[in-house]
Structure formats: structure tokens, C-alpha cells
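*Asks:* sequence below, structure please.
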Amino acid sequence: MPEKTSWDSETLYLDGDEFYRALLCEIDRAKVSVDMEVYIFEAGVLAERICDSFERATNRGVRVRLICDHWGGPLVDDSLLRRLEACGAQVHVYRGMPWHVPSSKGRRRTGGLLSILSQFWRRIRTLNRGFHRKVTLIDSRAAWVGSLNVSDVHLREVAGEAAWRDIGVRLTGKDVLSFRLAFERIFFRRRKGLSKVLEKHWLVSFNDSFWARWKMNFQIKQRIKNFRQRVWIQNPYVLPPRSLLRALCRRARKGDVTIILPEKNDLVLMRYINHAILKKLLRRGVRVFERGGPFAHKKVLIVDSTYTIGSVNLNHRSFLHDLEVEVVLTREPTKRALEASFLADLAESRQITLQQLKGRPLWFSAASRVLFFFRYWC
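*Replies:* Residues are numbered from 1 along each chain as shown. Just a heads-up that it's a prediction; the model follows:
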């Protein structure tokens, strides 16, 4: 059993501008290493600022490494890739397009045809497995974790009032070691040898192996099955696997099960696909709310006194395929701030009723039934 500990410090960020402003300042103070893993690394104002900070870091002798997902957003845009490698940063594209051949001069081109075919086959095998984590590790002592990508949609100074509403946290403590081990497991493609070490860190959950994925999914389900007073969920993608859906429905009559969804979603079809799921939840007593305004990309799960945030969506992709991370918050001020944020969003949301769903047009219900069969890929 892992030893239960707590973070030495926790700083919660509910604003993308503040999160990245503070993160960039810490990158500029890094002395040894900067390791960033992110789903989307998208060309824009934020990407330029991060590239500038990486360049300053490497000029100071700091080791800079980046993992991103090519499907999440074309980082890579080869111009960004070339710039990062030219300044000395090491870049690993987790799920590259099978047909994409980076044009960077820094790329090693050894092994001839056999190497090219091996790389092509590896990319084919990982097509359905996305790298969805968002973590930046500074000097292996401070971890910045949340649901924020490197994209201008998170900055109010660029996107204005349409900027996405997101959440992140800066953590310090001995459990930060787990982030470095998990990063290097992917960066160096290490399949064995780290699982037992990572299991010792109960404050952090990863799912980059079969056992770790089973364990993360099991923990989430068990928390919901065993709750005593409340389950509060804020997530833009609530399409749970059947086992989790049953757990939510069965427990709804024994306590407060509340879900906050965004009224507008970056996946346009989500509103249609959710229709059938919401009917089942509402019939069993689950309270569902929709929050208007800018798209809320937060991934928050509060079960009784356990508060978690991270990159995990409550859908099939997160439970079965994508690589995710979830962290447990341990400090009372941080918990209170997260709870206050949830209640503030709840106060600005409108409750969805079963009557409202039944009142939707026939064509909406028909489209929902058809699209529901594609929920596995959302």
C-alpha cells in the first residue's frame, strides 16, 4: 500500500493568464531542467512566449524537454519544431502522423529504410492512443498540473471574454518525483521498471500501462461507489463507460450527485450525444446543470473530502486509450478555493430537467440516437 502523504505546497490557478504568467516566470528561474508534456502545442502568442523562455533556459545551460501529441494540435508546424531543436530543446512527438516526416535538421536520420518502416508501424499502432496529460516539471521540484494546453484560447488578453475557463495547480513535495519518472517513461519509451515506483505515490495517478490504467479507473469508480454525502463533477466531456454510469445512477438517491456541463462545447456533437446519457442520469436523481458563457474546460471531481483535478475526462477515450494524469489536493485552503469555484459556477448555471429534455424536437432526439453510437470515439 502506498504511504499517504501531502504536498508541501499547493497553489491553485483558476485563470489561464495567471497560470501561464507564473509558469513562465518559474521557467526563467529554472537552474537544472524543464520538462513539459502537453496535448496541444499550438502556434500563437503563448507558444511564442514558451519558445522564448525555453531558448533563454537552454542558453543558461538548463536541459529542456518537451512531449506533445501531433494530433492534439499540429505543433509541429515544423517551424516551431525546428526552432525548439535549434535552441537545444529535445522534442518527442508521442503520436505523430504516420505520413509526417519532420523536416528539422536536428532530426537523426539513421537506420535507412528499416528505421523508416519501424517508425511508420509504431505510429500506426499509437493512432488511437492520445497523449492527453498537461504537466510541466521545473528542476524536478515543482510540478504544474491541470487541463491547460499551450493554446491562445486560454489567454484572455488574446481571446478576450471568449477565453476558455480552466484550472491548474502548482505542487511541491516528495511526490513530485513521480512526474519525472512518468515523463521519462514516455520520453525514453521505457515499458518496464517504473510501475512499482509510481505506485508508491498515492497523490498522483497515471495510466500509461495496463495495470496503471486499471488502477486509475478502479479508484475513480470506487470513490463514487463509496461516497457518503456528495459527488460533484465539473467536466466538459461526460460520456462515462457503463460501469461508471451505473455507479452514478445507483448512488444518486443516497446523496448529492451534481454535474456541471458547459452550455457550449468545443466538440459540437457533444450536446447531441449527451442527450441519451442525461436522460438516464436525471431519471435516477442526478442533478445536471449547464453553465453558459465561455467554454469551461475544467476537469474537477470532488467526492466527500477527496478533491482531484487533472486531465481526465469522464469518457471512453480517457478510460480506455488516452494517457492521463490526476492529482489529489491535500491542503485545506486549496480545497476550499476549489469548492468555492465549483459553487460559484453552480450559481451561474441553469438546471436541466427531464421535462426539458423530453421537450426537445423529434429531430434532435433522432440525431442523438444515431450519434450516441459514436460516443466511443469522443
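*Asks:* got the residue ranges for the helices in the stretch 51-200 of the chain?
*Replies:* 78-86, 112-125, 156-159, 177-187, 195-199 (DSSP state H, counting those that start in this stretch).
*Asks:* among these, where is the model least confident on average?
*Replies:* Of all the helices of the stretch 51-200 of the chain, the segment with the smallest mean pLDDT is helix 195-199, scoring a mean of 55.
*Asks:* can you tell me which helices and strands the helix or strand following it packs against?
*Replies:* Using DSSP states H and E, the helix or strand that follows helix 195-199 in sequence is strand 204-206. If you count contacts as 3 or more CB pairs under 8 Å, 6 or more residues apart in numbering; DSSP states H and E, strand 204-206 packs onto helix 177-187, helix 210-225, strand 325-329. Where you see a C-beta, it was placed from the backbone N, CA and C, and this is true even at glycine.
*Asks:* nearest to Arg251, out of the ones you listed?
*Replies:* Relative to Arg251, the nearest member of these by CB to CB is helix 210-225, separated by 6.5 Å.
*Asks:* now the angle from that closest one to strand 325-329?
*Replies:* Counting by axes from the mean of the first three to the mean of the last three CA atoms, to 10 degrees, helix 210-225 lies at 50 degrees to strand 325-329.
*Asks:* need the CA coordinates for helix 210-225. CSV is fine.
*Replies:* Extracted C-alpha coordinates of helix 210-225, given in CSV (Å, rounded to 0.1, in the frame of the first residue of the first chain):
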residue,chain,number,x,y,z
PHE,A,210,-2.2,-1.7,-18.4
TRP,A,211,-2.0,-2.0,-14.6
ALA,A,212,-1.9,1.7,-14.0
ARG,A,213,-4.9,2.3,-16.2
TRP,A,214,-6.9,-0.3,-14.4
LYS,A,215,-5.9,1.1,-11.1
MET,A,216,-6.8,4.7,-12.0
ASN,A,217,-10.2,3.7,-13.4
PHE,A,218,-10.9,1.4,-10.4
GLN,A,219,-10.1,4.2,-7.9
ILE,A,220,-12.4,6.7,-9.6
LYS,A,221,-15.3,4.1,-9.7
GLN,A,222,-14.7,3.1,-6.0
ARG,A,223,-14.7,6.7,-4.9
ILE,A,224,-18.1,7.2,-6.5
LYS,A,225,-19.5,3.9,-5.3
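*Asks:* show me the shaky parts of the stretch 1-150 of the chain.
*Replies:* By pLDDT under 70, the weakly predicted segments of the stretch 1-150 of the chain are 1-4, 72-78, 96-128.
*Asks:* quick one, what contacts the residue nearest to Pro236 when sequence neighbours are not counted?
*Replies:* Once flanking residues are discounted, Pro236 sits nearest to Pro262: 5.1 Å by CB to CB, 6 or more residues apart in numbering. Contact partners of Pro262, counting by CB atoms under 8 Å, 6 or more residues apart in numbering, are Pro236, Glu290, Arg291, Phe295, Ala296, His297.
*Asks:* taking these, tell me the two that lie furthest apart.
*Replies:* For the contacts of Pro262, the maximum inter-member distance is 14.9 Å, found between Glu290 and His297 (CB to CB).
*Asks:* okay, those two: which has more neighbours?
*Replies:* Using other CB atoms under 10 Å as the criterion, Glu290 and His297 rank with His297 on top: 23 against 17.
*Asks:* these two touch, right, that one and Ala163?
*Replies:* No: checked against CB atoms under 8 Å, the pair His297 and Ala163 is beyond contact range at 10.2 Å.
*Asks:* Val64 bridge partners, please.
*Replies:* Beta-bridge pairing of Val64 under DSSP bridges involves Val34.
*Asks:* burial count for it?
*Replies:* Neighbourhood size, Val64 [other CB under 10 Å]: 22.
*Asks:* what about the nearest residue to Phe374 once chain neighbours are set aside, helix or strand, and which?
*Replies:* Leaving aside its sequence neighbours, Phe374 sits nearest to Ile273 (CB to CB, 6+ apart; 7.1 Å). Assigned by DSSP H and E, Ile273 falls within helix 270-283.
*Asks:* output the below-cut-off pLDDT ranges for the stretch 151-300 of the chain.
*Replies:* Along the stretch 151-300 of the chain, segments meeting pLDDT under 70 span 190-201.
*Asks:* burial of Asp52, as a residue count?
*Replies:* Neighbour count for Asp52, taken as other CB under 10 Å: 15.
*Asks:* how much space separates it from Leu81?
*Replies:* Remark: distance between Asp52 and Leu81 (CB to CB, to the nearest Å) = 16 Å.
*Asks:* same deal with Trp211?
*Replies:* For Trp211, the distance to Leu81 (CB to CB) stands at 33 Å.
*Asks:* and those two? Which one has more around it.
*Replies:* Leu81 (24 against 12).
*Asks:* wait, doesn't that one sit right on Val91?
*Replies:* Yes: contact between Leu81 and Val91 holds when scored by CB under 8 Å: they sit 6.1 Å apart.
*Asks:* domain-wise, how is this structure divided?
*Replies:* Domains of the chain are assigned by automatic domain parsing as 9-178, 205-377.
*Asks:* mind putting those in CSV, distance to Phe188 included?
*Replies:* CSV is the format used below for the domains of the chain (distance: least, CB to CB, whole Å):
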stretch, distance to Phe188
domain 9-178, 9
domain 205-377, 13
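*Asks:* spatially central residue in this protein, please.
*Replies:* Ser311 (1.9 Å; CA atoms, centre = their mean).
*Asks:* next up, the contacts around it.
*Replies:* Counting by CB under 8 Å, 6+ apart, Ser311 makes contact with Tyr39, His132, Arg133, Lys134, Gly146, Ser147, Lys299, Ser318, Glu324, Val325, Glu326.
*Asks:* one step back: which of the contacts of Pro262 lies closest to Asn217?
*Replies:* Of all these, Pro236 has the smallest distance to Asn217: 19.3 Å, by CB to CB.
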